[in-house]
Structures are given as structure tokens and as C-alpha cells.
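> Quick one: sequence and predicted model below, then my questions.
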Amino acid sequence: MKKFLVLTIIILLYPNCIVTADWSDVRSLSAYVQVEKPDTSLTQNPEENSVLDIILSGSKNNKSMIVIFAGIIFALLYIVFILFIENRRFKKMIKARTAELSENEERWKFSLEGAGQIEEEVSNSRRMLQMVLDTIPIGVFWKDRDLTYLGCNNSYARLAGIESAESIVGKKDDEVFDVEIARMYNEIDREILNSGHPKLNYEDHLMLPTGKVRILRKSKVPLIGVGGEVAGVLGTSEDVTVQKNLREETFRIRKLESVGILASGIAHDFNNLLMAISGSLSLLRLSEDFTDKNLHWIENAEKSCFAATELTTRLITFSRGGAPVLQEENIVEVINEAVESGSSGAAVKIDYLNESPVNSVMIDGRQVRQVFLNLIENAKEAMPGGGSVYIVSSEINLENNNRLELKFGRYLMITLKDTGPGIPEAIIDKIFDPYFSTKVMGAHKGQGLGLAISHSIITQHGGKITVNSVPGKGALFTVYIPLNR
């Protein structure tokens with residue numbers, strides 16, 4: 001093949017040499033023809049020689065063109081042949097490359113399928129983790145070092161008052177809570193980030209948008225990164241308001257029961273002594289040997305005995321022996337009687353509004369009347385310079401597992417609000433304790449039994465009494481009495 005290529009190049013580059021050599025052969029052939037012809041003269045005509053030269057000259061030019069044309073054809077044939085060979089070689093290369101690419105494609109396809117499977121498994125794991133977190137009744141959240149939320153569960157979202165757990169991602173505390181609460185949270189978080197030590201099982205109070213205060217048990221721990229560095233904060237928040245109130249209520253009831261047992265025994269014994277004293281005074285009154293002055297002292301002694309008897313009655317009511325005698329009573333009339341008694345001789349204005357469609361209630365009228373009289377007297381003593389008391393009665397339906405821990409059903413709700421200075425937060429949990437009072441102790445006030453007895457009476461009626469107060473804005477007492485027995 002290489003020789004053919006060289007020959008083609010020689011034909012294309014040196015056609016004159018080939019033509020010259022061929023013409024010498026033609027001339028020799030012509031001389032031979034002239035010698036062999038028998039009928040031709042030995043002497044040639046000059047005109048014939050010129051014609052022969054012209055013919056030979058034309059033949060020479062034709063021969064050059066033929067040779068050149070042949071060389072071109074040979075070159076083209078060779079090029080076509082080379083292209084054919086190269087084409088086959090390229091096809092083999094393409095086939096091999098295609099096979100290699102197909103093999104690599106299969107490998108990549110397998111790798112992509114494996115990556116997709118891994119990604120799906122990771123996604124499923126994340127969804128499972130989020131589902132587990134959302135099922136936990138305790139709020140869980142996590143933040144980065146900039147104290148930006150990276151996520152939380154549904155329980156924490158409900159506590160924070162946000163729409164969903166996803167909406168908290170990318171936010172900071174000041175975008176979720178009030179400024180003061182956010183500042184307090186950030187201080188604790190930065191302390192954990194800087195020290196690397198957790199803060200466990202501490203209580204915190206959270207004011208909800210509705211105005212209610214929830215008691216939270218919190219724990220916060222540092223999030224440790226891959227390199228061992230503190231990468232953020234993980235925290236939990238558990239709403240323990242119901243449990244804490246229940247514990248306090250249980251402790252208060254047990255304390256009241258203990259004091260009630262003691263008070264009941266003392267009251268009965270004391271009442272027996274008072275009856276003897278009162279009887280003796282009555283006999284002395286019938287005697288004719290006493291002057292009017294002596295009778296005055298006897299009357300004072302009888303009044304004191306009557307006050308002491310009333311006190312023992314209240315103690316018996318406070319104790320277990322004072323169980324209510326239930327009968328159908330008109331609650332509006334009972335409250336109005338307490339309002340009339342409490343309004344006498346006071347600079348306090350008392351307004352009562354009944355919004356309940358039900359007025360007939362199964363209660364011990366005497367005891368419930370005493371409850372509202374105690375509440376009114378407590379409000380009057382909190383406003384010595386005068387003020388207002390607003391009483392409103394209405395009906396409410398309570399569901400199961402309500403925040404009051406009462407049985408579900410219909411209740412009569414009576415609220416009593418005053419315009420006094422309010423109750424300090426430090427003592428608001430003690431006001432229903434027996435013999436607790438902020439006033440001067442005395443025979444007619446400051447005995448510390450009014451609210452304790454009221455609490456005991458309402459509890460024995462199957463209801464509840466609560467108190468809320470903001471310093472400087474008065475106190476609000478709420479009484480719940482069951483309607484369906």
C-alpha cells in the first residue's frame with residue numbers, strides 16, 4: 001500500500017519525465033515502421049515529416065493529460081481506500097468507547113440508584129424522627145450557635161403559640177416571644193453555649209397570648225458537633241401547670257383536713273362550755289338581786305357568748321362535721337341576701353348581675369350565703385377608703401380533663417371582682433390557709449378563717465373557688481357550683 005502511495009505521488013509530481021521517455025520510444029517505433037514498409041520510398045517528404053511532428057506533438061499533450069488524470073484517479077482511489085480503512089478503525093474505536101460508556105453508564109446508574117435509595121432511607125429516618133418528636137407530649141426544640149431555631153416538635157409549637165413546627169425554623173426568640181422573655185431565654189442559652197454545661201429541671205412561667213400563665217419545667221443541654229465543639233442548644237419544655245396546681249390543692253386539702261379535725265374537736269368542746277356559760281347568764285338575768293348596771297354587764301357577756309357560739313359554728317362548718325345539707329335554693333336570692341348584709345354601713349358599692357338562665361340550685365343556702373358574705377367582707381377590708389365590688393353569675397359547661405380538675409358537666413360560675421390594691425404574688429397561694437391573714441388579729445376581723453371556710457364549703461359542694469390578682473388592679477374570685485347532681 002505504501003508503494004502504491006509513493007507511485008501515485010511520483011506520477012503526480014513528475015509527469016514530464018514519463019512523457020519524454022515515451023516520445024523517444026514513439027520515434028524509434030516510427031523509424032522502424034518506415035523501414036519495414038515495402039511500398040514506401042526510402043526518402044521521406046519534408047511535408048510528411050512536419051505532419052508527423054504535429055501528430056506526435058498532439059499525442060504528447062494527450063498523453064500528459066491522460067497520465068495526470070490517471071494519477072488523480074489513483075490518488076482519489078487511495079484516499080477513498082484510506083478513508084475506508086480509517087472509517088473501520090474509527091468504528092471499532094467508537095464501538096469500544098460506546099461499550100466503555102455503556103459500562104460506565106451502568107455503574108453510574110447503579111450508583112445513582114444506590115444514592116437515591118440512601119436518600120430515601122435518610123428521608124424516611126427524618127420523617128420517623130419527626131413523628132416520634134411530635135408524639136412526645138413534651139416540647140422539644142434545638143438551635144444553632146447563633147440561637148436561631150433549627151426545628152421543634154408540635155408540642156413546643158403549641159406552647160410557643162405558633163402555627164406549626166416548620167414555621168419556627170430560621171427564627172429567633174424575639175420573633176416568637178415577648179422581648180423580656182426572649183432576653184431571658186437568650187441569657188440562659190448563651191450561658192450554656194459558653195460553659196458547655198446543661199441546666200436541668202428548672203421552672204419557668206410563660207404568659208400565653210390569652211393572658212393565662214403556664215408553669216413549665218425546662219431542661220437545656222449543649223448540642224455537641226462532630227468535632228466535639230458546642231454546636232447549639234437542645235431544650236425541652238413540659239407544661240406542669242395542672243400537676244403543680246393539683247399537688248398544691250392536694251397539700252392544701254390535707255392541711256385543711258388536719259386543721260379541720262382539730263378545729264372540730266375544739267369547737268364541740270368549746271361550744272359545750274359556752275352553752276353552760278350562756279345558761280348561767282340566763283339564770284342570772286332572771287334573778288331580782290341585780291341592778292340595771294349589773295344587767296348591762298350580763299348582756300355584754302351574753303353577746304360575747306353569742307359571738308363565740310357563732311365562731312364555733314364556723315369552725316364546725318370548716319371541719320368535716322360541717323357537711324352541707326343540700327336542698328333546692330334560689331341562688332339569686334342567696335347572693336342578694338349576702339349583698340344586702342355586706343352593704344350595710346360600708347363605703348363600698350356592690351353591684352350584682354345575674355346572667356344565668358338557671359336560678360334553682362341544689363345547695364346548702366346558709367353555707368353558700370356565708371361564702372359570699374365572707375368574700376364581700378374580705379373585699380371591704382381590702383378597700384377601707386371605699387371602692388366597688390362587681391358580682392356576676394353565669395352558666396358554664398366543663399369538659400373532661402379541664403384545667404379546674406372538676407367533673408365534666410354544667411356549672412354555675414359566680415365571679416366577684418373588687419377595685420382594691422390586689423393580692424401580692426408572694427401570698428396569693430396562702431390566702432385559703434386557715435388562720436392566715438394580713439390584717440390585725442381580732443374578734444371581728446383578722447381571724448384568718450373566712451376564706452378558708454369559704455374554700456371548704458365550696459369544695460364540699462363539689463365545686464371550686466379560685467383567685468386571680470394583679471397588684472394594683474384588684475382581685476378576682478371565681479366560684480364554681482355544679483348544676484347537675
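Cool, got the structure.

> Just give me the residue closest to the centre of the chain.
Geometric centre of the chain, nearest residue: A157, 1.4 Å, by C-alpha atoms, centre = their mean.

> That residue: what's it in contact with?
Counting by C-beta atoms under 8 Å, 6 or more residues apart in numbering, A157 makes contact with G139, E163, S164, A165, S167, I168. All C-beta atoms are positioned from the backbone trio N, CA, C, and that covers glycine.

> Mark which of those are buried, thanks.
G139, A165, I168 (16 or more other C-beta atoms under 10 Å).

> Three-state assignment for I94, please.
For I94, the assignment made with DSSP: H, G, I helix; E, B strand; the rest coil gives helix.

> re the thing from before, which element is encountered next along the chain beyond the one helix or strand the residue nearest to the centre of the chain maps to?
In the assignment (DSSP states H and E), A157 maps to helix 154-160. Toward the C-terminus, helix 154-160 is succeeded by helix 179-195 as the next helix or strand (DSSP H and E).

> Pairing partners for the next helix or strand after that following helix, with directions?
Remark: after helix 179-195, the chain's next helix or strand is strand 199-207, criterion DSSP H and E. Strand 199-207 has its sheet partners listed here by DSSP bridges as strand 213-224 (antiparallel).

> got the contact list for the partner strand?
Residues contacting strand 213-224 (C-beta under 8 Å, 6+ apart): 142, 159, 188-189, 192-193, 196-208, 230-241, 244.

> One more pass at 6 Å, please.
Residues outside strand 213-224 that contact it (C-beta atoms under 6 Å, 6 or more residues apart in numbering): 192, 196, 198-207, 230-241, 244.

> Which residue, other than its chain neighbours, is closest to R145?
Spatial nearest neighbour of R145, chain neighbours left out: G232 (5.8 Å); criterion: C-beta to C-beta, 6 or more residues apart in numbering.

> So what's the residue count around the one you found?
20 (other C-beta atoms under 10 Å).

> where's it, which helix or strand?
strand 230-239.

> what is the rounded mean pLDDT of that strand?
Strand 230-239 shows a mean pLDDT of 93.

> Just the CA trace of it, in PDB.
The C-alpha trace of strand 230-239 is given here as PDB (Å, rounded to 0.1, in the frame of the first residue of the first chain):
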ATOM      1  CA  VAL A 230     -20.600  23.100  71.100                       C
ATOM      2  CA  ALA A 231     -22.800  23.500  68.000                       C
ATOM      3  CA  GLY A 232     -26.000  24.700  69.600                       C
ATOM      4  CA  VAL A 233     -28.600  24.200  72.300                       C
ATOM      5  CA  LEU A 234     -31.200  21.400  72.700                       C
ATOM      6  CA  GLY A 235     -34.100  22.100  75.100                       C
ATOM      7  CA  THR A 236     -37.300  20.600  76.500                       C
ATOM      8  CA  SER A 237     -40.300  22.300  78.000                       C
ATOM      9  CA  GLU A 238     -43.000  20.400  79.900                       C
ATOM     10  CA  ASP A 239     -46.300  22.100  80.900                       C
END
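
> ok, how many other residues are close to L286?
Neighbour number of L286 under other C-beta under 10 Å is 7.

> same question, F432
Neighbour number of F432 under other C-beta under 10 Å is 21.

> Under the pLDDT cut-off, which ranges of the stretch 251-400 of the chain? List them.
253, 256-257, 259-261, 263-264, 287-293, 314-322, 345-346 (pLDDT under 70).

> all helices of it, in order?
Under the criterion DSSP state H, counting those that start in this stretch, the stretch 251-400 of the chain contains helices at 292-318, 331-343, 365-382.

> Which other helices and strands does the last one contact?
It stands for helix 365-382. When contacts are defined as 3 or more C-beta pairs under 6 Å, 6 or more residues apart in numbering; DSSP states H and E, helix 365-382 sits against helix 331-343, helix 450-460.

> quick revisit: turn the buried ones among the contacts of A157 into JSON lines, including distance to I118 and pLDDT.
Shown next, in JSON lines, are those (distance: C-beta to C-beta, whole Å; pLDDT from 0 to 100):
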{"residue": "G139", "distance to I118": "32", "pLDDT": "91"}
{"residue": "A165", "distance to I118": "25", "pLDDT": "87"}
{"residue": "I168", "distance to I118": "28", "pLDDT": "91"}
